[in-house]
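Novice: Have a look at this fold, sequence not included:
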């Protein structure tokens, strides 16, 4: 009777709590959507985001875990069954969440939302939040689950096994091309942030010697002391940000004032060196530095936002959402806002992480909810912060920073005139003052998102820490933080591309097998050169694009990333169907269909749209006609630039088209397999690892329930969980970790 | 749980978390494991172990790293 009373009490409490959360979220959304003409506080952004995440996590992810995936708490995970102390290692769920988050998050969610802000804060925010709840987080969680059921196999391996060789090969090709485009676009963001900025160039350049020092320290002086060396590295990093100001005001300024083309050459040399040098020298220390900076800065930003609750200056929905004439990227809200947001709502690349390392460390199948779904919600909140930071800026300044020179010219007077004509009043003095506040020569056409985000961050941070005088420090701090991420991604991405290429070459012929060896230097040099050459070339094209590289290349990047997401969701759908969960296949099939429609529409428009601002072929025809008639069209200063525009447009059209075709091949193959599984279920062969009963005790969620705590205490285990001690006495080899002592 | 011990516990927890996250305890874990499975057998020193671990971890770059 008493128990029943307690249960009823708990239920009532739960209803009260979740009603409150819903009201908070709904109020947030209402304020964001319905405010017109008045200033909207970022508090409503926070309320809408956190409230929606809480509801999505509590209800939808639980439904997926229990009904759709039917995750089995008693089934041993690969970490438990195959524990080897290296790859396979049951890891405390809270630690693994940190690992997984550090693995999935990068520059993407910081850049995309900033660009999407040109359509106002509302469309971007809606897609970031709704998209993550129904697509992005679902993808990460489901991929993590299926990979855990398959001993932590990678997405590519699963695709080959479960779909077939045709889809598999097309998938690998798609991943390789996406990688190249991603690297080129990220590098372009860095180039735009550092060009003509001695302060930024100096401090970002100094990260290389800092990383080398850390690498040697870790290898020879004090092996394994990671936090120690990271603390030293971060201190040095802060020092070079301060020192950058001295350099910019000294005789050395000229040495570090680099033109975009010079920066491209340096980046290509850097990428090649980083891919060939041993990992411990550059990549490992960079990894530690960027992980720390990432988690630190994001935490700081979240706190600063909540404390200052700045006012959003951008309109909820700008005219660019419907007329498709936006200067940052062309095209209307559907489909382009969805592909621009990219990683903050759904990222195909996360599927590669969810299927690689994390499944080999997870203690319990039930933890895929907090780790897969939870980490992606955190990533999405980073995207919400990025769009907020962009929208607290004056819209006039925002457009001046993000429109290419072909549109707004290259003086503050011209820019102010053009932007004011769009309805965003801004004076030349305001634009000059904005640049001066962060000690940059000019902020015009600093496209790519990073400088805009940096300015927004600087405004928010300096509000609580240091005031006006600290603006320039925080701006360069933020530039450094983004450049650090991106350079690490270039390091790692070039290696991944090289590895895919080595693997592909090796499998073409037995005599090529030595390409696979990581010790065969000619192979490494050759494949690195090919990968660096490919993205370097695309980067060169972007930098020299008279119409602005970001607004041409970024949509292709967004499309490719979302196509990868659609592929991962498609694979999840096939797996759901093959494993007899047809009834619930909509959970991944609906977002897959949506993303496929969005991206294929976007691809179609980018290639075939009759509007030369959107469609590459139309743009080629327009400028070719201009060349034939001997007249210069807007954006081109001479006939050479006219020809560059024609060539670039053709190249971009081919890229967008080929990617879409590759993905269609994979889809067709996946559909064939799924159809077969529905028609003839008896022919289905799943590649799941067999059931083994788990002996490990660990809570399912981040916070243990009362019952779980009692179970842990009874088994003599700490909050991290583990295999009970009495079993350890009889089977010593099965003792997993020593974290139970440390965990206290 | 008095007011004095709560910050100390939080600090200890943070220290444990950082050690776990950075993998600084990998060597200790390896030694305990080696002693358990093969008492008296050869054990790598820390420098050799950390080298071996880095080389293993980064041998296949597709195994980790997000870009996005």
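Specialist: Cool, the structure landed. Fair warning: this is a prediction, and the values are worked out from it, not measured in the lab.
Novice: buried ones in the lengthiest helix in chain B?
Specialist: Scanning chain B for the helix with the most residues, using DSSP state H, yields helix B:5-22. Residues of helix B:5-22 classed as buried by neighbour count (16 or more other C-beta atoms under 10 Å in any protein chain shown): B:16-22. (Each C-beta comes from the backbone N, C-alpha and C, glycine too.)
Novice: now stretch A:251-267
Specialist: Result for stretch A:251-267 [16+ other C-beta under 10 Å]: buried residues A:256-258, A:260, A:263-264, A:267.
Novice: Identify the residues contacting it?
Specialist: Contacts with stretch A:251-267, where a contact means C-beta atoms under 8 Å, 6 or more residues apart in numbering or on different chains, come from A:187, A:190-192, A:194-199, A:201-202, A:205, A:247-248, A:490, A:536, A:539-540, A:543-544.
Novice: Only whichever of the residues you listed are buried, select them in ChimeraX.
Specialist: A single ChimeraX command selects the buried members of the contacts of stretch A:251-267 (16+ other C-beta under 10 Å):
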select /A:187,190,191,192,194,195,196,197,198,199,201,202,205,247,248,490,536,539,540,543
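Novice: contacts for stretch A:6-23?
Specialist: A:51, A:54-55, A:58.
Novice: can you list these in JSON lines and add pLDDT and neighbour count?
Specialist: Shown next, in JSON lines, are those (pLDDT from 0 to 100; neighbours: other C-beta atoms under 10 Å in any protein chain shown):
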{"residue": "A:51", "pLDDT": "97", "neighbour count": "21"}
{"residue": "A:54", "pLDDT": "98", "neighbour count": "17"}
{"residue": "A:55", "pLDDT": "98", "neighbour count": "17"}
{"residue": "A:58", "pLDDT": "97", "neighbour count": "14"}
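Novice: Out of these, which is nearest to chain B?
Specialist: Nearest to chain B out of the contacts of stretch A:6-23 is residue A:54 (C-beta to the nearest C-beta; 23.4 Å).
Novice: any idea how far residue B:24 is from residue B:53?
Specialist: 11 Å (C-beta to C-beta, to the nearest Å).
Novice: First-to-last residue distance for stretch A:206-226?
Specialist: End-to-end distance of stretch A:206-226: 20 Å, with C-alpha to C-alpha, to the nearest Å as the criterion.
Novice: Now find how far off-centre stretch A:452-461 is within its chain.
Specialist: Put simply, stretch A:452-461 sits 20 Å off its chain's centre (C-alpha atoms, centre = their mean, to the nearest Å).
Novice: Would that stretch count as contacting chain B?
Specialist: No - shown here: stretch A:452-461 not in contact with chain B (C-beta under 8 Å from any C-beta of the partner chain), separated by at least 15.5 Å.
Novice: got a list of contacts for that stretch?
Specialist: Outside stretch A:452-461, the residues touching it (C-beta under 8 Å, 6+ apart) are A:110-111, A:114, A:193, A:300-301, A:304-305, A:308, A:310, A:386, A:388-393, A:397-398, A:401-402, A:434, A:438, A:443, A:446, A:470-472, A:474-479, A:482.
Novice: Does the nearest residue to residue A:120 once chain neighbours are set aside belong to a helix, a strand or coil?
Specialist: What sits nearest to residue A:120 in space, not counting adjacent residues and going by C-beta to C-beta, 6 or more residues apart in numbering or on different chains, is residue A:317, at 4.1 Å. Under the three-state scheme (DSSP: H, G, I helix; E, B strand; the rest coil), residue A:317 adopts coil.
Novice: can you tell me how far residue A:317 sits from residue A:671?
Specialist: From residue A:317 across to residue A:671, the span is 36 Å (C-beta to C-beta).
Novice: again, but for residue A:25
Specialist: To residue A:671, residue A:25 is 37 Å away according to C-beta to C-beta.
Novice: Of those two, which one has the most company?
Specialist: residue A:25 (21 against 15; other C-beta atoms under 10 Å in any protein chain shown).
Novice: where's that one relative to chain B, distance?
Specialist: Using C-beta to the nearest C-beta, to the nearest Å, residue A:25 is found at 27 Å from chain B.
Novice: hang on, that residue packs against residue A:55?
Specialist: Yes - contact status for residue A:25 versus residue A:55: in contact at 6.4 Å, counting by C-beta atoms under 8 Å.
Novice: Poorly predicted segments of the chain, please.
Specialist: Just going to use chain A. Residues of chain A meeting the criterion pLDDT under 70: A:1-2, A:37, A:353, A:725-744.
Novice: other chain: chain B
Specialist: B:1-4, B:61-68.
Novice: can you pull out the helices in it?
Specialist: Ranges of helices in chain B, per DSSP H, are B:5-22, B:26-37, B:46-57.
Novice: what angle separates the first one from helix B:26-37?
Specialist: Between the direction of helix B:5-22 and that of helix B:26-37, the angle (axes from the mean of the first three to the mean of the last three C-alpha atoms, to 10 degrees) works out to 80 degrees.
Novice: Now do helix B:5-22: distance to the chain's middle.
Specialist: With C-alpha atoms, centre = their mean, you get 15 Å for helix B:5-22.
Novice: how about a markdown table for the contacts of stretch A:6-23, with distance to residue A:648 and secondary structure added?
Specialist: Shown next, in a markdown table, are those (distance: C-beta to C-beta, whole Å; DSSP: H, G, I helix; E, B strand; the rest coil):
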| residue | distance to residue A:648 | secondary structure |
| --- | --- | --- |
| A:51 | 44 | helix |
| A:54 | 46 | helix |
| A:55 | 45 | helix |
| A:58 | 48 | helix |
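Novice: And those, which is closest to residue A:603?
Specialist: Closest approach to residue A:603 among these (C-beta to C-beta): residue A:55, at 33.3 Å.
Novice: just checking, that closest one touches residue A:26?
Specialist: No - using C-beta under 8 Å, residue A:55 is not in contact with residue A:26, being 10.0 Å away.
Novice: Next, residue A:64: secondary structure please.
Specialist: helix.
Novice: burial count for it?
Specialist: Neighbours of residue A:64 using other C-beta under 10 Å come to 24.
Novice: residue contacts, it?
Specialist: A:138, A:141-142, A:369, A:373, A:587.
Novice: Okay, and which of these map to helices?
Specialist: A:138, A:141-142, A:587.
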